[in-house]
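A.B. asks: okay, sequence plus prediction incoming.
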Amino acid sequence: MIEGIFVEGLIYGIMVLGVFISFRVLDFPDLTVDGSFPLGAAIMATCILAGVNLWLALLLAFAGGVIAGYVTALIHNHLKVPNLLAGILTMTMLYSVNIRVLGNRANVPLLNVDTVLTVVNDKLDGIVPDDYKSLVFFVLVALLLKFLLDLFFRTDLGLTIGAMGNNEQMVVSQGVNPKTLKAIGLGLSNGLVALSGAFAAQYLGFADVGLGQGIIISGLASVMIGEFLIMKSNRISVLTLCALLGSVCFHGVLYVGRYYGYLINMTPNDLNLIKGILIIVLLVLTQSRKLKRPSKAVVKND
Amino acid sequence: MIELKDVRMIFGQGTVNENVAISNINLKVKEGDFITVIGSNGAGKSTLFNLIAGTITPTIGSIFLNDKNVTREPEYKRARHIGRIFQNPLLGTASNMSLEDNMMITYRKGFKWLKRSLNHAKRELFRQELTQLKMGLENRMKENLAMFSGGQRQALTLLMVVLSKPDLILLDEHTAALDPKNAEIVLELTNKFIEEYKLTGMMITHNMSHAIEFGNRLLMMDKGEIIFDVEGEEKKALTVERLLEKFHEIRHTSFQNDRTLLAEDK
C-alpha cells in the first residue's frame, strides 16, 4: 500500500517536475500537459507492441513531448496567441494525434508484453524484495531526473531561463531572445511530462487517450503541496525536491480518497472535484499564511 | 556610434488617437559622449530611448548603430550593444534569484549555452566588483534580490550593465523612483562608472541642475523635437537660469509654466 503511493507519486512526480518548470520557472501556465502526458503513454505503448527497444521507446516518448511543447511555444511566440490559449490549442490537437499514435484506438492494453517494469523486475530479482522493486527503480529514476534538472538550471542557459520567468525585460536587455528560451523551457517541461506518461502506461498496463484528463490540475496541486509543506527557498535543488515530495503527498491524499472515500459516500468520480477543492484550500492557506507573516516589501527604500 | 536620421514616430497613425511622439529627429552620438536629456512630460524623451533601444520601430527614418542600419532589428539583438536602465528598479534584476546568479546572467551579453560559468573565480571577481558600490552587498551574494532595497537594486543594475561593457548606455530617469539619498548615491556611481570605464551614455533627467552638472553634452526636447543641443565649453557655462531663458527664447512660452514642468530643485 504505502509503496504503491510512493511509486505512483514518483511516476507522476516526473510530470510534476515538468509542470514545475512551466508554471514556476517559466511563469507560463502551460495546458499542453493534458495532451503530452497521454502522448508519451501512446508512443510508449505503440513502441512496445512494435518491439522497439524499451530505452529507445522512452527516449522517443520524451522527444514526442519536446515537440508538443515546442508547438505550443511556436503558436504563442509567432502568432501572438496568449499562453493559455496556445496550450489549449496544442492539447486539443494532441487528442487526435494520440488516437492516431495508438493506431486509431482509444485504448491499448499492455498485457503479457515486456515493459521497462518487467525488465527491471527481472534484473532486481533476488537483490530487492518483490514488493519494493518498482519503488527502488522509480526512486532512482526520479532522483536522476531531478539531479539532471538541478544541473541544467545551474548552467548559464538554465539561469537565464529562470530569469526570464521572473523578468522578461532583463533577458531582452541581455541580448537573448525570450522566444528561444520559452521554446527550450516548454520543450523540456513537456518532454518530462511525456516521459512520465510513458512510465504511467507501463505501470497501469494500458495507454488511454483519456489518461491526461485533469493531469495539469494534479501537477499543479502537487507543486503547491510541495511548496506549502516545505520551506520557501531560492535553491533549485530544494524546489525540485519539493515538487517530487509534493507529488507523493498528493497521491497519498488521492489514495485515502480512493480507498476510504466510501465512508463518506464518495465515489472515484468525485476525485476531480476533490483535486480542485484541494487546490482552492491550498490557495486559501497560502494567502492567509502570507497575511500573517507579511513578507518584506519587494521595493523598500531605506 | 549611434545615429538617427530623419526619425519620425507617430502612434496610432490614421486613427483619431493619432499622436506624433517624435516629429523629426536627427542625432549623432559620438563615442565617449555623455549626454543628458531634459524636457517636460510628453516631450518624447522616453520615446527617443525606445527608438534607440529598439523597443519600437520608427514610422519614418533610419537608425544606425556602429554604421550598421539597425532600424528593423529587434530589441534583443540591439541589446548586445546597448545597456539600458529603467526608472523601475525591478526591471533590471530578477527578484527571486540570488545576487550571484543575477550577476552571472548579466556578466556577458548574448545567448548562453549549457556551460556552468559560476565558479569560485567568478564569485571572487563579483565580490571585488561589488565592493565598488560600498553597500556591503559583497557579503550578501547568496541572498535573493527581493530582499534588497530599490536603491541597492538600482545601484546593482548599474554595476551589472557597466560590467557587460555595452557600447552605449541608456539611463531612463534611473534615479527618479528612489528617495533623495539613494538617488544621490546612484547618480554619483553613474558618474564615477562613466568616467572610469569611458562609457558612451545618455541620461534622461527631470532635474536641470543634474543635467548641467553631468555629462559633456545636453539635449533639450520639446514636442517631439530636439530644440537645444549644446556641448563642450558652452555646456559647462550653462546655468539653470540660462537654460530656462533659452527654452523661453525658443518656444516663446511662459517662464512660470516651465518652472513647474522642469524641476530645478537643489
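C.D. replies: Happy to help now that I have it.

A.B. asks: mind telling me what element B:K28 is part of?
C.D. replies: strand B:19-29 (DSSP states H and E).

A.B. asks: extract the C-alpha set from that strand and format it as CSV.
C.D. replies: Provided in CSV are the C-alpha atoms of strand B:19-29 (Å, rounded to 0.1, in the frame of the first residue of the first chain):
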residue,chain,number,x,y,z
ASN,B,19,-0.1,61.1,-31.7
VAL,B,20,3.1,62.5,-33.1
ALA,B,21,5.6,61.5,-30.4
ILE,B,22,8.7,62.4,-32.4
SER,B,23,8.2,64.9,-35.1
ASN,B,24,11.7,64.9,-36.6
ILE,B,25,15.0,64.0,-35.0
ASN,B,26,18.5,63.9,-36.4
LEU,B,27,21.0,63.0,-33.8
LYS,B,28,24.6,61.7,-33.8
VAL,B,29,26.1,60.4,-30.6
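
A.B. asks: tell me what that strand is packed against?
C.D. replies: Judged by 3 or more CB pairs under 8 Å, 6 or more residues apart in numbering or on different chains; DSSP states H and E, the packing partners of strand B:19-29 are strand B:2-11, helix B:45-53, strand B:225-231. C-betas here are computed from N, CA, C, even on glycine.

A.B. asks: now with 6 Å, please.
C.D. replies: strand B:2-11 (3 or more CB pairs under 6 Å, 6 or more residues apart in numbering or on different chains; DSSP states H and E).

A.B. asks: give me the residues contacting the strand it packs on.
C.D. replies: Residues outside strand B:2-11 that contact it (CB atoms under 6 Å, 6 or more residues apart in numbering or on different chains) are B:19-22, B:24-25, B:27-29, B:47, B:58-65, B:168.

A.B. asks: mind listing the strands for the stretch 151-266 of chain B?
C.D. replies: B:168-172, B:200-204, B:217-222, B:225-231 (DSSP state E, counting those that start in this stretch).

A.B. asks: partner strands of the strand holding B:K28, with direction?
C.D. replies: Here strand B:19-29 has these sheet partners by DSSP bridges: strand B:2-11 (antiparallel).

A.B. asks: just the closest residue of the stretch 151-266 of chain B to chain A, please.
C.D. replies: Proximity of the stretch 151-266 of chain B to chain A (CB to the nearest CB) peaks at B:D179, 4.5 Å away.

A.B. asks: phi and psi next, for that residue.
C.D. replies: Dihedral pair for B:D179: phi -70, psi 160, per degrees, to the nearest 10.

A.B. asks: could you give the number of residues near it?
C.D. replies: Number of residues near B:D179 (other CB atoms under 10 Å in any protein chain shown) recorded here: 13.

A.B. asks: what's in contact with the strand holding B:K28?
C.D. replies: Here strand B:19-29 has contacts from B:1-4, B:7-11, B:44, B:47, B:224-226, using CB under 6 Å, 6+ apart.

A.B. asks: show the buried residues in the residues you listed.
C.D. replies: Burial by neighbour count, 16 or more other CB atoms under 10 Å in any protein chain shown: within the contacts of strand B:19-29 this picks out B:1-4, B:7-10, B:44, B:47, B:224-226.

A.B. asks: what is the nearest of those residues to chain A?
C.D. replies: Nearest to chain A among the buried ones among the contacts of strand B:19-29, with distances taken as CB to the nearest CB, is B:I2, at 16.0 Å.

A.B. asks: quick check: the residue nearest to that closest one when sequence neighbours are not counted vs B:T93, distance?
C.D. replies: Leaving out its chain neighbours, the residue that sits closest to B:I2 by CB to CB, 6 or more residues apart in numbering or on different chains is B:V29, at 4.7 Å. From B:V29 across to B:T93, the span is 26 Å (CB to CB, to the nearest Å).

A.B. asks: anything in stretch A:144-156 near chain B?
C.D. replies: Yes: Stretch A:144-156 reaches chain B (CB under 6 Å from any CB of the partner chain) through A:154-156.

A.B. asks: which ones among those residues lie within strands?
C.D. replies: Among the residues of stretch A:144-156 next to chain B, DSSP state E puts none in strands.

A.B. asks: just the buried subset of these, please.
C.D. replies: Buried, going by 16+ other CB under 10 Å: A:154-156, out of these.

A.B. asks: which of these fall in helices?
C.D. replies: Of the positions in those, A:D156 sit in helices, assigned by DSSP state H.

A.B. asks: which of the buried ones among the residues of stretch A:144-156 next to chain B lies closest to chain B?
C.D. replies: A:D156 (3.6 Å).

A.B. asks: quick one, what contacts the closest one?
C.D. replies: By CB under 6 Å, 6+ apart, the neighbours of A:D156 are B:112, B:115, B:117.

A.B. asks: likewise for A:V33?
C.D. replies: So A:V33 contacts A:193, A:215-216 (CB under 6 Å, 6+ apart).

A.B. asks: the buried ones among the residues of stretch A:144-156 next to chain B into JSON lines, with extra columns for pLDDT?
C.D. replies: As requested, these are arranged in JSON lines below (pLDDT from 0 to 100):
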{"residue": "A:R154", "pLDDT": "87"}
{"residue": "A:T155", "pLDDT": "88"}
{"residue": "A:D156", "pLDDT": "86"}
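
A.B. asks: adding distance to A:V119, write the buried ones among the residues of stretch A:144-156 next to chain B out as JSON lines.
C.D. replies: Listed next are those as JSON lines, based on distance: CB to CB, whole Å:
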{"residue": "A:R154", "distance to A:V119": "32"}
{"residue": "A:T155", "distance to A:V119": "32"}
{"residue": "A:D156", "distance to A:V119": "37"}
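
A.B. asks: returning to what we had before: out of the strands of the stretch 151-266 of chain B, which comes closest to A:F147?
C.D. replies: strand B:168-172 (40.2 Å; CB to CB).

A.B. asks: and the strands in the stretch 101-250 of chain A, which stretches?
C.D. replies: Under DSSP E, counting those that start in this stretch, the stretch 101-250 of chain A gives strands at A:107-109, A:206-208.

A.B. asks: just to revisit the earlier point, neighbour count winner among B:V29 and B:T93?
C.D. replies: In terms of neighbours (other CB under 10 Å), B:T93 is the more surrounded of B:V29 and B:T93; the figures are 25 against 21.
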